[in-house]
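J.: just the structure for this:
(one chain, ligands or ions: 2)
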Amino acid sequence: MSTDTKAAKESATNGSPKPTSPNADLKLDFASFWEYSSAPESSEKVTIESLYGHFIDGDFVKPAKGRMFTSVNPANEEVLTELAEGTSEDVDRAVKAARNAYNKKWRTLSGKERGKYIFRIARMIQERSRELAITESLDGGKPIRESRDVDIPLAAAYFFYYAGWADKLDYAFPGRNVEPVGVCGQIIPWNFPLLMLAWKIAPALATGNTVVLKPAETTSITALKFAEICRDAGLPAGVVNIITGAGQTGSAIVNHSDIDKIAFTGSTKVGKIIQNALAGSDTKYTLELGGKGANIVFEDASIDQAVEGIINAIFFNQGHVCCAGSRLLVQEGIAERLITKLKDRMETLIVGDPLDKNTDIGAINSKSQFERIEEYINIGKNEGAEIYQSSCSIPENGYFCRPTIFTGVSQSNRIVQEEIFGPVLTIQTFRTPAEAIEKANNSQYGLSSGIWTDRGSKIFQAGAEMDSGVVWANTFNKFDPTSPFGGYKESGVGREGGLHGLYPYVNLV
Ligand code: NAD
Ligand code: MN
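T.: Numbering: from 1, shown residues only. Ligands and ions are numbered 1, 2, ... in the order given. As a prediction, this is how the structure comes out:
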C-alpha cells in the first residue's frame, strides 16, 4: 500500500475523513483502499528440468538431430527450460512406437483394463495438481487462479469422464462393432496446454488408439510432466508419445504416412494447411479452429450479471480463448448504462504476476502474440474506433496488456471481423433481435456465442438461429466433459467432448 493511502486510511480510522483537505497527501483515493497485498503462490517446490527430450516409447530420448529450443516465462522473459526440436526422424520413431504399442498391446486390452489406466492417470493429475497449475502459469502466463481452478481440475475431469466410457463403448454405439482408428497424431495450441492435451488424449485412449502428441512450442512443460505421469501410471510404453517442436514438427506429424487420424486445435490458417495436406487421403481428421464469438445482451437482461459475463467472456485467460465472447452486441436502450458499468468493473481487474492469487489477467503468452495484439489495437484506432483501456498498473517486464474495449465500431472493421486472441472487446449496438442475430452470424467463424436475457423464449429462439457450435445462455466460457464442443464454418470440423467426442476415434463396422 502506498504511503498516501496509508495516511488516508489512518485519517479515515481516526475520525471522519476530510475529502476536501488542502493537504494533498491526505487526499482520499477510494480505489486504492482496495489494493490487495500480494499473495504469490510459491514455485519453490516445483521442479522443472533444465532440459527435456521427447517422450517416445516410454522414455525421454534425445532428439535425432540434437537441436534444442527454449521455453520462457512470458511474465518475466526468463528461460525456464530447453526442449527438443522434433524432426521427421523423431516423429517417425514416435509413430513406430505408437504403431507397435497399438498392435501388440493397447488394442488387445479389454475396455475395462484400458479404463483402469485412464482412471489412474486422472487421479495422478489430481495428486500433482498444484505442481501442474504452477507450471502452467509459469510457462504460459495464465493467472494461477485459473490454472488452479479451471485448467487442471477440468483436465482431470476429462480423463475421468472418458475413462468411464472405455468399457461402455457398446452402449455408446448400440448394435455396432466398435473398432479403434489406430495411431493418432495430435497437435495442440498454447492457450490451455494441459486441458487441450486431455481433450485429445483421453478419448483416444478410451477407444483403444495410441497417440503421438505435439504441444505448442511456448507451453510444452505440462505435457512433459504428463509424460512422467504416463510412465508412473505404468501405461504400456508407446501408447502415449510426446514430441516437442514448432510448426515444422507439427507438419511432420500431419504428413507422416502411417498416421490414421489427425486431431488439431489451433488457427484457421494452419487448419486449412492441414486440410489441404490430407485431402484425398483416407486419414480422418478433426479441426478445432479460431472464433469471434458474439455475446448478445438484450435489454431485459440482468445488467450486473451480464457485465460479469462480459468480463469473463473476453478477459478470461487474457482473451486467449478460441470461444471468447470478443464481439459484444448490446441492445441500444441499455448500451450507455451497461458500458459505464463495464468500464467501472474493468477498473477493478488486476493485471500482473500470474502466480499472484489476486491476479485476474496474467501475461500474454508470447512476444509474438503480444505484438499481434498491439497491432490489432493500432488497427482499431486507425479504423476510427474509440478505445478505452483500464488504468491499472502493469509490470514493467514481460508481456502485459491492459483490458481494452472499442466502441464506435462497424461490422466491416477488421477488429470486428478478425480474431485478435487477446483482451480486446469490440462493442456494437442493435435495436431488434433480428438485427442482433444477423450481426452475430455475419462472421467467417461460428464457434461460440452468448445470449443474456430474462426470457427463456428468447434464449431458445435466438439460440436456434445462431450459427455457432456452442451457445451459452446467461453465462459464458463454461466447459464440461459431457458436453460436445466444436465449430461451424471456418471454426472447424468435428466435435470434441461428450459422447460426440468418441466418434472421431472409432470406426463403426
Ligand atoms: P497455430 O495454428 O499457429 O498453432 C497451433 C499448433 O499448431 C501449435 O502446436 C503449432 O506448433 C502447430 N503448427 C503450426 N504450424 C503448423 C503446421 N504447418 N502444421 C502442423 N502444425 C502446425 O495457432 P496459434 O496462433 O499458436 O494458436 C492460437 C489459435 O488457436 C487461435 O486462432 C485460436 O482460435 C486457436 N484455438 C482454437 C481452439 C478451439 O478449440 N477451436 C482452442 C484453442 C486455440
Ligand atoms: Mn513458455
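
J.: going forward, measure contacts and count neighbours with C-alpha atoms only.
T.: OK.

J.: anything in the helix or strand encompassing residue 271 sitting right up against ligand 1?
T.: According to DSSP states H and E, residue 271 maps onto helix 268-278. Yes. Helix 268-278 reaches ligand 1 (CA under 6 Å from any ligand atom) through residue 270.

J.: in that helix, what counts as buried?
T.: Using 16 or more other CA atoms under 10 Å as the test for burial, helix 268-278 gives 268, 270, 271, 274, 275, 278.

J.: looking at those residues, spot the one nearest residue 111.
T.: When the buried residues of helix 268-278 are compared for distance to residue 111 (CA to CA), residue 278 wins out at 30.1 Å.

J.: dump the buried residues of helix 268-278 into CSV; add pLDDT and distance to residue 453 as well.
T.: Output for the buried residues of helix 268-278, formatted as CSV (pLDDT from 0 to 100; distance: CA to CA, whole Å):
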residue, pLDDT, distance to residue 453
268, 97, 31
270, 98, 37
271, 98, 35
274, 98, 39
275, 97, 39
278, 98, 43
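
J.: smallest gap between the stretch 301-450 of the chain and ligand 1, at which residue?
T.: Residue nearest to ligand 1 within the stretch 301-450 of the chain: residue 322 (3.7 Å; CA to the nearest ligand atom).

J.: what does the pLDDT read for that residue?
T.: Per-residue confidence (pLDDT) for residue 322: 97.

J.: what number of residues lie near it?
T.: Using other CA atoms under 10 Å, residue 322 is surrounded by 23 other residues.

J.: same check, this time on residue 377
T.: Counted by other CA under 10 Å, the residues lying close to residue 377 total 21.

J.: secondary structure element for it?
T.: Here residue 377 sits within helix 367-382, counting by DSSP H and E.

J.: and the next helix or strand past that helix?
T.: Assigned by DSSP H and E, the successor of helix 367-382 is strand 386-389.

J.: pull that next one out as CSV, backbone CA atoms only.
T.: Below are the C-alpha coordinates for strand 386-389, written out as CSV (Å, rounded to 0.1, in the frame of the first residue of the first chain):
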residue,chain,number,x,y,z
GLU,A,386,-13.0,4.7,-29.8
ILE,A,387,-10.7,2.9,-27.4
TYR,A,388,-11.0,2.6,-23.7
GLN,A,389,-8.3,0.8,-21.6
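
J.: which strands and helices lie in contact with it?
T.: Helices and strands touching strand 386-389, by 3 or more CA pairs under 8 Å, 6 or more residues apart in numbering; DSSP states H and E, are strand 404-407.

J.: export the strand it packs on as PDB, just CAs?
T.: The C-alpha trace of strand 404-407 is given here as PDB (Å, rounded to 0.1, in the frame of the first residue of the first chain):
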ATOM      1  CA  THR A 404      -9.300  -3.000 -23.800                       C
ATOM      2  CA  ILE A 405     -12.700  -2.200 -25.300                       C
ATOM      3  CA  PHE A 406     -13.500  -0.500 -28.600                       C
ATOM      4  CA  THR A 407     -16.800   1.300 -29.200                       C
END
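
J.: who are the packing partners of that strand?
T.: Where contact means 3+ CA pairs under 8 Å, 6+ apart, strand 404-407 is packed against strand 386-389, strand 424-430.

J.: and the buried residues of helix 268-278, which is closest to ligand 1?
T.: Relative to ligand 1, the closest of the buried residues of helix 268-278 is residue 270; by CA to the nearest ligand atom it sits at 4.7 Å.

J.: and the helix holding residue 377, how far out from the chain middle?
T.: Counting by CA atoms, centre = their mean, to the nearest Å, helix 367-382 is centred 20 Å from the centre of its parent chain.

J.: which residues does it contact?
T.: 74, 364, 387, 399-401, 406, 413-415, 420-422, 424 (CA atoms under 8 Å, 6 or more residues apart in numbering).

J.: mind doing that once more with 7 Å?
T.: 364, 387, 399, 415, 420, 422 (CA atoms under 7 Å, 6 or more residues apart in numbering).

J.: pull out the buried positions in that helix.
T.: 369, 370, 373, 374, 376, 377, 380.

J.: all the strands of the stretch 1-150 of the chain, residue numbers only.
T.: For the stretch 1-150 of the chain, applying DSSP state E, counting those that start in this stretch gives strands covering 51-52, 54-56, 59-61, 68-73, 78-84.

J.: distance between the shortest one and the chain's centre?
T.: Per CA atoms, centre = their mean, the displacement of strand 51-52 from the mean C-alpha position of its chain is 24 Å.

J.: contacts for it, please.
T.: Residues lying outside strand 51-52 but in contact with it, judged by CA under 7 Å, 6+ apart, are 81, 82, 83, 84.

J.: what do you get for the third one?
T.: Defining contact as CA under 7 Å, 6+ apart, one finds that strand 59-61 is touched by 53, 54, 55.

J.: 10 Å instead, please
T.: With CA atoms under 10 Å, 6 or more residues apart in numbering as the test, strand 59-61 has contacts from 52-55, 84, 90, 224, 227-228, 231, 237-238, 241-243.

J.: for it, which residues meet the burial criterion?
T.: residue 60.

J.: report pLDDT for the closest residue to residue 78 other than its chain neighbours.
T.: Once flanking residues are discounted, residue 78 sits nearest to residue 72: 5.4 Å by CA to CA, 6 or more residues apart in numbering. Residue 72 is assigned 98 on the pLDDT scale.

J.: list the contacts of residue 72.
T.: Counted by CA under 10 Å, 6+ apart, residue 72 has contacts 78-82, 138-141, 218-219, 365-366.

J.: swap the cut-off to 6 Å and go again
T.: 78, 79, 80 (CA atoms under 6 Å, 6 or more residues apart in numbering).

J.: so what's the second one closest to, chain neighbours aside?
T.: In space, residue 79 comes closest to residue 72 once its chain neighbours are excluded; the distance is 4.3 Å by CA to CA, 6+ apart.

J.: good, wrapping up.
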